[in-house]
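*Asks:* got a predicted structure here, sequence first:
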Amino acid sequence: MCYNKGTEINVEKGVDNMKVIIAKNYEGMSEVAAKIIADKVNSKPNCILGLATGSTPVGMYKKLVEYNKNNEVDFSLVNSFNLDEYKGLSGDHNQSYRYFMDNNLFNHININKANTFIPNGKAENIEEECRSYDSKLAEYGGIDIQVLGIGNNGHIGFNEPSDTLSVCTHVTELTKTTIEANSRFFSSIEEVPTEAITMGLGGIMRAKTILLLASGSQKAEIISKLVTGKINTKIPASLLQIHSNVIVVVDEEAGALIMSNDNKLAVSIVKN
Ligand code: GLP
């Protein structure tokens, strides 16, 4: 599949491993991202997908459903591991990430649900749940391509800004800004869980390819920091700068600050 929407910018200076694709709009971002995933599944039918929730990847999932219906991609042998789950929500809660994945993707494609893994937010022994999630991931051989969104504060999965970051899957307290940001999906802010289970930086960084998506002007600043800033645990996504194979797909609004003339990092612009 070819990517016929968007402008591709290769970034120099220490982050030459990061390919940035700037699509015209949300639709274009979703299409580019879906084609990257579909290409991966077509080239490796039993691949391990690392999947993300949030509003950003919804359009990409819609495209993948469409490609699957048109027989352009077959998910029957695919396994998937999701990044995170709210602690305390069961899979049938309409704000759980299991519910999100079932409704946005799994129920509409030919994936075997038994091969889709998401941490259990209601596990009795939550520490054990975290350890077994990592063991299962290791047993399956790690992630081929990890989809990521990004929080306005630079979180990936639910790895929140902090003095230190965790390698393994763990329980984390959500920051005030994340609780506020995610309260839009709940009827009141009090209903937003204050803790979550999240894959750690180890699980994410071991993925062979990272595909990070962002859309909208509210993400422009954090995308600029991700691409051009220094590595800092207060911006967990900045660690991706040391991953060897990162594709960042943004729309023009989210890419606004890295496209500006002042920004010397955008070196070669290839119009597709
Ligand atoms: C949530 C998820 C992240 C997601 C982020 C951004 O808190 N845990 O995986 O990337 O928020 O969400 P959105 O795409 O809605 O901006």
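*Replies:* Cool, got the structure.
*Asks:* show me what residue 148 is bridged to.
*Replies:* Bridge pairing for residue 148 (DSSP bridges) gives the partners residue 212.
*Asks:* list the contacts for it?
*Replies:* 52, 83, 156-157, 204, 210-213, 237 (CB atoms under 8 Å, 6 or more residues apart in numbering). Using the backbone N, CA and C atoms, a C-beta is placed for each residue, glycine as well.
*Asks:* go with 7 Å
*Replies:* Neighbouring residues of residue 148 by CB atoms under 7 Å, 6 or more residues apart in numbering: 52, 156, 210-212.
*Asks:* please enumerate the strands of this protein.
*Replies:* According to DSSP state E, the chain carries its strands in the segments 7-11, 18-23, 48-51, 79-82, 84-86, 116-117, 145-148, 170-173, 195-198, 209-214, 246-251, 266-271.
*Asks:* hmm, back to that, so can I have TSV of the contacts of residue 148 showing pLDDT, neighbour count and distance to residue 132?
*Replies:* Shown next, in TSV, are the contacts of residue 148 (pLDDT from 0 to 100; neighbours: other CB atoms under 10 Å; distance: CB to CB, whole Å):
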residue	pLDDT	neighbour count	distance to residue 132
52	98	24	21
156	97	29	22
210	97	24	24
211	98	25	26
212	98	26	27
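*Asks:* please identify which pair of those residues lies farthest apart.
*Replies:* Within those, two members stand farthest from each other by CB to CB: 156 and 211, at 11.8 Å.
*Asks:* quick one on the thing from earlier: if I average pLDDT within each of the strands of the chain, which one is lowest?
*Replies:* Looking over these, mean pLDDT reaches its minimum on strand 266-271, with a mean of 33.
*Asks:* near the ligand, which residues of the stretch 151-272 of the chain? Just list them.
*Replies:* 151, 157-158, 178, 182 (CB under 6 Å from any ligand atom).
*Asks:* can you rerun that using 5 Å?
*Replies:* 151, 158 (CB under 5 Å from any ligand atom).
*Asks:* what of the stretch 1-150 of the chain?
*Replies:* Checking the stretch 1-150 of the chain against the ligand by CB under 5 Å from any ligand atom, the hits are 52, 54-56, 149.
*Asks:* same thing but at 8 Å, please
*Replies:* The stretch 1-150 of the chain comes close to the ligand at residues 52-57, 83-84, 97, 148-150, as judged by CB under 8 Å from any ligand atom.
*Asks:* tell me the buried residues within those.
*Replies:* Buried members of those, counted by 16 or more other CB atoms under 10 Å: 52-54, 56-57, 83-84, 97, 148-150.
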